[in-house]
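> Can you look at this prediction? I've put the sequence above it.
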Amino acid sequence: MNKVEKLRSLLLHNKLDAYLIPHSNKQLNDTILDQDQRIKSMISFTGSAGTLVILRNRAVLFIDGRYEIQAENEIDTNTIQIINIAECSVKKWLSLHLSKNNTVGYDPKLYSINKITILESLIETHGIKIKPIEQNLVDKLWKEKPKPSKNIITRHLIKYSGIRSSIKLLSLRKQLKIDKCDAIFITSGSIISWLYNIRSHTMTHTPNVEAYAYISEDKSIIFCNKQDIDRKLIKWLKPETIIIDFKDLIQTIKLEGLKIQNIQIDMHGVSKHFERLFQNLNIKINKKINDCIEKISIKNTTEINGSKKAHLKDGIAITNFLYWLYNISNLKEVDEITIEKKLYEYRTKDTTFIGNSFDVIAGSGSNGAIIHYRANHKTNQRIRNNNLLLIDSGGQYLNGTTDITRTISIGNPSEKMIHLFTLVLKGHIALATAKFNSSTPTTDLDKIARSPLLKHGYDYNHGTGHGVGSFLDVHEGPQSISKLSNRCNLKPGMIISNEPGVYLKDEFGIRVENLMLVKKSNTSRTDKEQILEFEILSIAPIDMKLINKNMLSQEEIIWINKYHQLARKKISKHLDTATKQWLIKITSNI
């Protein structure tokens, strides 16, 4: 009996007709550790987003467009149906395939209040019940579940953060007074890390702390595994903030609940589990999007300067890596996993590099068409001549987070490869040079990047840009650029990616990605509104062999030449003689 069949027996035992398994953890992150990879444990799908729905007679994996090819490659499609959420949401699908009085179970610790509120509307419209199951059903079956890793929490120094924690807490408390709230409860690791200027150097890829926070007018409490916290940090946080172990959370909240009338929680960022806890304590709940989210996204001067330093270090590492790659005498000795290891090796030469900001995507040939590909010993391909290699990678440095994609021609690229790469690059340049204002919908910016591809009948199944943190999440909200409308328009100080692409199944993938800083333009004001523009942060050569000059406008040629001039100016002095000469050669003006 496989795990899906075993879980169906638990459905019967719990009187459920369906059970929801999200890609999430107790802090509602999509960047999760091995012990939270419940979908992977059930059906071997390794994507970094998705929801698995198990019914008594069928199973469905809901994914977005980034994972279509990956899901088809990794799971048994004879037993698991794959649905793109753009075509049908989980809620809509449940309404079509369940009957009145059927019951859907879920783990309240893994779902936000907002998501469950949406699902609970099924009760009103279709009579389908949504039931919290406190003990996760997947965990009941997971006999070899990885043990939780230590989450050592340390200080993030003021020379990197730019603003003291006491000032951030003061600002938060002022906002609580405005909102007429006695306290706030926070479960977001990124918000807590930013608010208290702390980080975890042992988390995979993302240095967010695993903690919760309770803040009132006279109390500041961090809940975490107390044994994992640096004693010097405890001393540094006192007397303003005290540390309490997770095991004492409920008792502490009960005591604090006696002193307050209401508490503020983010309906998108706090789980249904905690809403139920506060309701049981008769504490009035004020649901509001946490104001810290936007404050985190708008980087201060120290963070902006730190990001520029991190991108320079990253550019040096990537340039040295590319020199190594382009000068390999025997390609047969190199595969995708070798590429991952070599790129990591070059990044580790800088002492402020802590680790990769996400799993490296090194897709050779057809693997490059898998948008969020991750090489393993089963899929690992050797680097072949006359082919494309897509490398999407990033680093976590003490002073910033990086994310960059380069598509590299191995040998002689075909006309088709050159044509499509040039279209992608044209979209990239169009967005990089865009002028806009604070009221411009990000959907309009998305159209700018897609336009060259759409004119030739191509498109890509992912967003054009995501926010990036400051030694925090490589995917940071609320800013984004995509086809989907977003409540948050871009503001000066935000960092966002620019990554149009095109992916041909069983052939190759192309993506060009740089990170950009949103800043005020020198352009004169129009209608009293400041014009905004982008400053490119990522610095690394673009493969000139993949560019068809005849497809470019004069302005696009000037942009490419200026970008490469900047790369030579900033990077050359940090390279050895041979690599410097090579860089000058491959970035010469077109």
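That came in fine, so what should we check first? Numbers count the residues shown, from 1 in each chain.
> okay, how far is it across stretch 40-51, tip to tip?
End-to-end distance for stretch 40-51: 11 Å, by C-alpha to C-alpha, to the nearest Å.
> Leu445: neighbour count?
Counted with other C-beta atoms under 10 Å, residues neighbouring Leu445 total 22. C-beta here means a position set from N, CA and C on the backbone, and glycine is covered the same way.
> Distance from stretch 356-364 to the middle of the chain?
With C-alpha atoms, centre = their mean, to the nearest Å as the basis, stretch 356-364 stands 13 Å off its chain's centre.
> Now the residue nearest the centre of the chain. Nearest residue, chain neighbours left out?
When the chain is reduced to its mean C-alpha position, the closest residue under C-alpha atoms, centre = their mean turns out to be His475, at 2.6 Å. Spatial nearest neighbour of His475, excluding adjacent residues (C-beta to C-beta, 6 or more residues apart in numbering): His466 at 5.0 Å.
> Report the beta-bridge partners for that neighbour.
Beta-bridge pairing for His466 (DSSP bridges): Ser480.
> ok, it touching Glu476?
Yes. Using C-beta atoms under 8 Å, His466 is in contact with Glu476, at 7.2 Å.
> Give me the residues contacting stretch 236-251.
Here stretch 236-251 makes contact (C-beta atoms under 8 Å, 6 or more residues apart in numbering) with 155, 165-166, 169, 196, 212, 219-227, 229, 234, 252, 277.
> Tell me how many other residues surround the residue nearest to His475.
Counted with other C-beta under 10 Å, His466 comes out at 21.
> One more: Leu515?
Leu515: 29 surrounding residues under other C-beta under 10 Å.
> contacts for stretch 413-422?
Contacts for stretch 413-422 (C-beta under 8 Å, 6+ apart): 386, 388, 407, 409, 458, 502, 504, 508, 510, 512, 543, 545-548, 551-552.
> Let's see which of these end up in strands.
Counting by DSSP state E, the part of the contacts of stretch 413-422 found in strands is Leu388, Thr407, Ser409, Val502, Leu504, Phe508, Ile510.
> sorry, back to before: now the buried members of the contacts of stretch 413-422.
Taking 16 or more other C-beta atoms under 10 Å as the criterion, what is buried in the contacts of stretch 413-422 is Leu388, Thr407, Ser409, Tyr458, Val502, Phe508, Ile510, Val512, Asp543, Leu546, Ile547, Leu552.
> farthest pair in those?
Phe508 and Leu552 (21.3 Å; C-beta to C-beta).
> if we can go back for a sec, unless I'm mixing things up, the residue nearest to the centre of the chain is touching Ala49, no?
No. If you go by C-beta under 8 Å, His475 and Ala49 don't touch, sitting 9.9 Å apart.
> what residues are shared contacts of those two?
Taking C-beta under 8 Å, 6+ apart as the criterion, His475 and Ala49 both touch Asp30.
> Give me the below-cutoff pLDDT ranges for this protein.
1, 202-203, 524-528 (pLDDT under 70).
> longest helix anywhere in it?
helix 301-326 (DSSP state H).
> Now that one: buried residues?
Neighbour-count burial for helix 301-326, counted by 16+ other C-beta under 10 Å, picks out 302-304, 306-323, 325.
> the domain parsing of this protein - what is it?
Domain assignment for the chain, taken from automatic domain parsing, gives 3-141, 153-293, 298-586.
> Of all those domains, which one comes closest to Lys147?
Across those (criterion: C-beta to C-beta), the nearest stretch is domain 3-141, sitting at 6.9 Å.
> What is the end-to-end distance of the closest one?
End-to-end distance of domain 3-141 (C-alpha to C-alpha): 7 Å.
> Tell me where the stretch 51-200 of the chain has strands.
Here the stretch 51-200 of the chain has its strands, by DSSP state E, counting those that start in this stretch, at 51-55, 59-63, 81-84, 103-106, 129-132, 153-155, 183-186, 198-200.
> want to throw those strands into JSON lines with distance to Phe353 and mean neighbour count?
Shown next, in JSON lines, are these (distance: least, C-beta to C-beta, whole Å; neighbours: other C-beta atoms under 10 Å):
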{"stretch": "strand 51-55", "distance to Phe353": "34", "mean neighbour count": "22"}
{"stretch": "strand 59-63", "distance to Phe353": "32", "mean neighbour count": "22"}
{"stretch": "strand 81-84", "distance to Phe353": "36", "mean neighbour count": "16"}
{"stretch": "strand 103-106", "distance to Phe353": "39", "mean neighbour count": "20"}
{"stretch": "strand 129-132", "distance to Phe353": "42", "mean neighbour count": "16"}
{"stretch": "strand 153-155", "distance to Phe353": "16", "mean neighbour count": "21"}
{"stretch": "strand 183-186", "distance to Phe353": "29", "mean neighbour count": "24"}
{"stretch": "strand 198-200", "distance to Phe353": "14", "mean neighbour count": "25"}
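> and of these, who's closest to Thr401?
strand 198-200 (11.4 Å).
> and Trp380, how many residues sit next to it?
Actually, residue 380 is Asn rather than Trp. Neighbour count of Asn380, defined by other C-beta under 10 Å: 16.
> Which residues lie in contact with the residue nearest to the centre of the chain in this structure?
Applying C-beta under 8 Å, 6+ apart, we find His475 in contact with Asp30, Thr31, His466, Gly467, Val468.
> Isn't the first one up against Gly50?
No. With contact defined as C-beta under 8 Å, Asp30 and Gly50 do not form a contacting pair (9.2 Å).
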